[in-house]
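>>> sequence first, then the predicted structure:
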Amino acid sequence: MTRVREKYVPKGMTAARWAPIADMTRDVVMRCADVSAYEAGQLMVVVARYFDHQTHIAGLPLDPTVLLRRDIVVAYGNHLSATTAMTDATIGTYRSRLLRVADANIGHLQPTSRMPGFRGADGSTPYSDAEVHILRAWVDYQPSEVNRVDFNLLLALCLGAGLRNGEALRVNASHVTVDDEGVLIEVTGDKPRTVPVLAEWEGVIADIASAAWKPDMFLFRPTRAVRTPKVLSDMLHKAPNKPFAINVQRLRATWIVTHLSAETPVQALMDAAGIETLGALGRFYDHVPPMEARTARSALTMRARAEGCRASHSGRPLRAVDDE
């Protein structure tokens with residue numbers, strides 16, 4: 001087994017890409033107990049490709065406590081499913097081998113849970129926290145400054161404000177308001193509204209809006225000649241080194257689920273999202289973590305509200321008292 005690890009060099013990988021990950025690849029495979037030389041070779045193949053992709057393309061740190069997290073491994077499987085011709089069975093084999101290595105190295109650091117399958121995600125499926133982290137890293141490692149600005153703005157408008165395709169393209173500098181409470185975007189089109197931007201994305205939008213030469217200048221690719229939604233779909237289709245399929249619907253779904261999970265008042269969310277019926281939110285609730293029983297009970301009894309009412313009536317009776 002030791003001989004296999006020391007002699008192994010991934011096919012098709014340059015020495016410059018293999019050298020930084022070689023020692024860690026060997027180390028994590030070495031920690032897998034009771035594996036034959038043949039099994040070690042199989043693990044080396046999968047782990048080498050995985051580490052290469054996650055560090056050189058996705059931009060994650062060369063740290064096994066990050067790379068071998070179960071959610072990161074799942075995101076990689078989703079990437080393979082969306083961007084390659086590999087079958088679900090093959091992807092499942094890759095994932096099981098990676099999880100075997102993960103359990104041998106950092107199994108004590110992460111919970112055990114059933115892994116989801118590789119079914120195609122629809123527009124109401126949000127990106128996981130791990131996938132959002134990968135998207136941020138992917139933006140940072142874009143080959144040009146233009147790409148970094150474009151894709152960072154796309155994430156800010158869709159993950160930070162839940163804008164649809166056409167809405168994101170129509171935003172210009174005059175539509176952005178920065179005040180003491182944060183950043184607001186005035187959305188134009190069929191569903192006009194004002195959307196408060198999530199705090200973590202405020203800086204991106206505020207900086208680009210303030211840099212505009214004139215108020216009616218588009219934030220997104222201001223010099224573009226084409227103004228149809230096709231601009232975004234073409235840009236995403238041609239984007240280099242995508243870690244997995246990226247679409248605006250799922251970015252918007254992530255924003256909606258983030259608010260539902262944070263217990264944002266439903267009516268406020270519907271107004272900000274441009275959603276007219278409560279039923280339109282139903283498909284997103286499948287992705288909201290369940291509320292703790294104690295929190296749910298308190299909410300359903302409206303205990304905080306009742307205690308506030310009692311406090312406001314303290315010192316005086318709640319109903320008439322007969323004189324004796």
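Okay, I see it. Residues are numbered from 1 along each chain as shown.
>>> rest of the way, CA atoms for contacts and neighbours
OK.
>>> which strands and helices sit next to the host helix or strand of Ala22?
Applying DSSP states H and E as the criterion places Ala22 in helix 15-30. Under the contact criterion of 3 or more C-alpha pairs under 8 Å, 6 or more residues apart in numbering; DSSP states H and E, helix 15-30 touches helix 2-7, helix 37-52, helix 88-106.
>>> make a markdown table from these and add mean neighbour count, distance to Trp255 and mean pLDDT to it.
A markdown table is the format used below for the helices and strands packed on helix 15-30 (neighbours: other C-alpha atoms under 10 Å; distance: least, C-alpha to C-alpha, whole Å; pLDDT from 0 to 100):
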| stretch | mean neighbour count | distance to Trp255 | mean pLDDT |
| --- | --- | --- | --- |
| helix 2-7 | 12 | 44 | 56 |
| helix 37-52 | 19 | 29 | 87 |
| helix 88-106 | 18 | 28 | 88 |
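>>> can I get those helices in TSV with distance to Thr25?
Formatted as TSV, the helices and strands packed on helix 15-30 follow (distance: least, C-alpha to C-alpha, whole Å):
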stretch	distance to Thr25
helix 2-7	9
helix 37-52	6
helix 88-106	10
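>>> any weak-confidence spans in the stretch 1-150 of the chain?
1-7, 35, 82, 110-123 (pLDDT under 70).
>>> let's see that with 90 instead.
Across the stretch 1-150 of the chain, the ranges flagged by pLDDT under 90 are 1-17, 26, 30-42, 54-61, 70-93, 95-96, 103-104, 106-125, 130, 141-144.
>>> pull the CA atoms of stretch 64-83 into PDB?
What follows is stretch 64-83, C-alpha atoms only, in PDB (Å, rounded to 0.1, in the frame of the first residue of the first chain):
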ATOM      1  CA  PRO A  64      -8.700  18.400   5.200                       C
ATOM      2  CA  THR A  65     -11.100  19.700   7.800                       C
ATOM      3  CA  VAL A  66     -12.700  21.800   5.100                       C
ATOM      4  CA  LEU A  67     -12.200  19.600   2.000                       C
ATOM      5  CA  LEU A  68     -13.500  16.500   3.700                       C
ATOM      6  CA  ARG A  69     -16.600  18.000   5.200                       C
ATOM      7  CA  ARG A  70     -19.600  16.000   4.200                       C
ATOM      8  CA  ASP A  71     -21.500  19.000   2.800                       C
ATOM      9  CA  ILE A  72     -18.500  19.900   0.600                       C
ATOM     10  CA  VAL A  73     -18.300  16.300  -0.700                       C
ATOM     11  CA  VAL A  74     -22.100  16.400  -1.500                       C
ATOM     12  CA  ALA A  75     -21.600  19.700  -3.300                       C
ATOM     13  CA  TYR A  76     -18.900  18.100  -5.400                       C
ATOM     14  CA  GLY A  77     -21.200  15.300  -6.300                       C
ATOM     15  CA  ASN A  78     -23.800  17.800  -7.400                       C
ATOM     16  CA  HIS A  79     -21.200  19.500  -9.600                       C
ATOM     17  CA  LEU A  80     -20.300  16.200 -11.300                       C
ATOM     18  CA  SER A  81     -24.000  15.500 -11.800                       C
ATOM     19  CA  ALA A  82     -24.600  18.900 -13.400                       C
ATOM     20  CA  THR A  83     -21.500  19.300 -15.500                       C
END
